[in-house]
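J.: what's the 3D shape of this:
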Amino acid sequence: MIIKTLLSPLNVDELYFTNKTTVVIDVLRATTTIVTALQNGAKEIIPVSSIEFAMKVSGDTFSGQTLLAGERNTKKIDGFSLGNSPLEYKPEIINGKSIVFFTTNGSKAIVKAKYSSELLISCFLNTKSIANQVSKNSEVIILCSGNNGLFSLEDSVCAGDLIYELKTLIDDVKLDDASKTCLFLYKKNKKRLKKMLMETEHGMKLYDQGFKKDIVFASQKSIFNCIPIYDTGSIKLLK
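T.: Coordinates of the predicted model:
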């Protein structure tokens, strides 16, 4: 297997992902929230790249079964039902619902990779499940959502977690330089994921704004056995 890691979506254009298997990561907090929402019974997540498009999509659907959700600069957007805290996505609120989802980094990264032949969503919560799913591929692209187009430590460490799991499943794995760096970062932090997340630039911002519980939740390793997959505009659990 060849594993390539992109440390930001800005490094490539949409067509780069054509016919590729891609895993998108945004630990704080979009992919953590998507995984949690689907695990808790959401019908689907519809990622969008702008607030305006989120409003349009939600306006074209049956409002009783659709929720507008997401954030801008960590805060819930005015008029949206939910923000980007995974702890908001409780079964009694989202079970059976379609969720139109916009975030500053994560939803944009997913939309950018939409031409992938297989597009999966990962975070620390479901790394082992994703590794098992992609382990039979000859090449995997890991796309870190980053922080406003820049490098983010948390996404890179999570990419390293996925690479680590894949190396336990596959004997012959070839890594590009970015993947080797992510694996190194994960090995340095695997016993201190919560502390690492607290120390990141975005983690400190979330902590200061009262989202400490989100960070603690996001640091849990492979607690869910679920595989979110993007297909024709929405993310659902792979059956």
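
J.: Tell me the confidence at the most centrally placed residue in the chain?
T.: Centrality entry for the chain: nearest residue to the mean C-alpha point is Thr31, 2.5 Å, by Cα atoms, centre = their mean. Per-residue confidence at Thr31 stands at 98 (pLDDT).

J.: residues contacting it?
T.: 24-25, 106, 121-123, 145 (Cβ atoms under 8 Å, 6 or more residues apart in numbering). All C-beta atoms are positioned from the backbone trio N, CA, C, and that covers glycine.

J.: what's the spacing between Asp214 and Leu7?
T.: As judged by Cβ to Cβ, to the nearest Å, Asp214 and Leu7 stand 23 Å apart.

J.: of those two, who's got more company?
T.: Asp214 (25 against 20; other Cβ atoms under 10 Å).

J.: what's the nearest residue to that one if we skip its chain neighbours?
T.: Using Cβ to Cβ, 6 or more residues apart in numbering and skipping the chain neighbours, the partner closest in space to Asp214 is Ser85 (5.2 Å).

J.: Got phi/psi on that neighbour?
T.: phi -90, psi 120 (degrees, to the nearest 10).

J.: and Ser179, backbone torsions?
T.: Backbone geometry at Ser179, expressed as degrees, to the nearest 10, gives phi -70, psi -40.

J.: got the contact list for it?
T.: 3-5, 142, 159, 163.

J.: With respect to Ile110, which of those residues is nearest?
T.: Checking those against Ile110 with Cβ to Cβ, the nearest one is Ile142 at 13.2 Å.

J.: Retrieve the pLDDT associated with the closest one.
T.: 98.

J.: isn't it right up against Ala159?
T.: Yes - Ile142 is in contact with Ala159 according to Cβ atoms under 8 Å; the separation is 4.6 Å.

J.: Find residues that contact each of these two.
T.: By Cβ under 8 Å, 6+ apart, the residues touching both Ile142 and Ala159 are 5, 25, 179, 182.

J.: can you list those in CSV and add pLDDT and distance to Ile46?
T.: As requested, the shared contacts of Ile142 and Ala159 are arranged in CSV below (pLDDT from 0 to 100; distance: Cβ to Cβ, whole Å):
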residue, pLDDT, distance to Ile46
Thr5, 98, 26
Ile25, 98, 19
Ser179, 98, 30
Cys182, 98, 29
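
J.: Mark which of these are part of strands, please.
T.: The strands, defined by DSSP state E, take in 5, 25 from the shared contacts of Ile142 and Ala159.

J.: Widest-spaced pair of the shared contacts of Ile142 and Ala159?
T.: Top of the distance list for the shared contacts of Ile142 and Ala159 (Cβ to Cβ): Ile25 and Ser179, 12.6 Å.

J.: intersection of neighbour lists for these two?
T.: With Cβ under 8 Å, 6+ apart as the test, Ile25 and Ser179 both reach 142, 159.

J.: Show me what the worst-scoring helix or strand of the chain on mean pLDDT packs onto, helices and strands only.
T.: Sorting the helices and strands of the chain by mean pLDDT, DSSP states H and E puts helix 51-59 at the bottom, at a mean of 80. For helix 51-59, the packing partners by 3 or more Cβ pairs under 8 Å, 6 or more residues apart in numbering; DSSP states H and E come out as strand 66-72, strand 98-102.

J.: and the ones you listed, which is most packed in?
T.: strand 98-102 (a mean of 26; mean count of other Cβ atoms under 10 Å).

J.: Output the contacting helices and strands for that strand.
T.: Against strand 98-102 (3+ Cβ pairs under 8 Å, 6+ apart) you get helix 30-39, strand 44-47, helix 51-59, strand 66-72.
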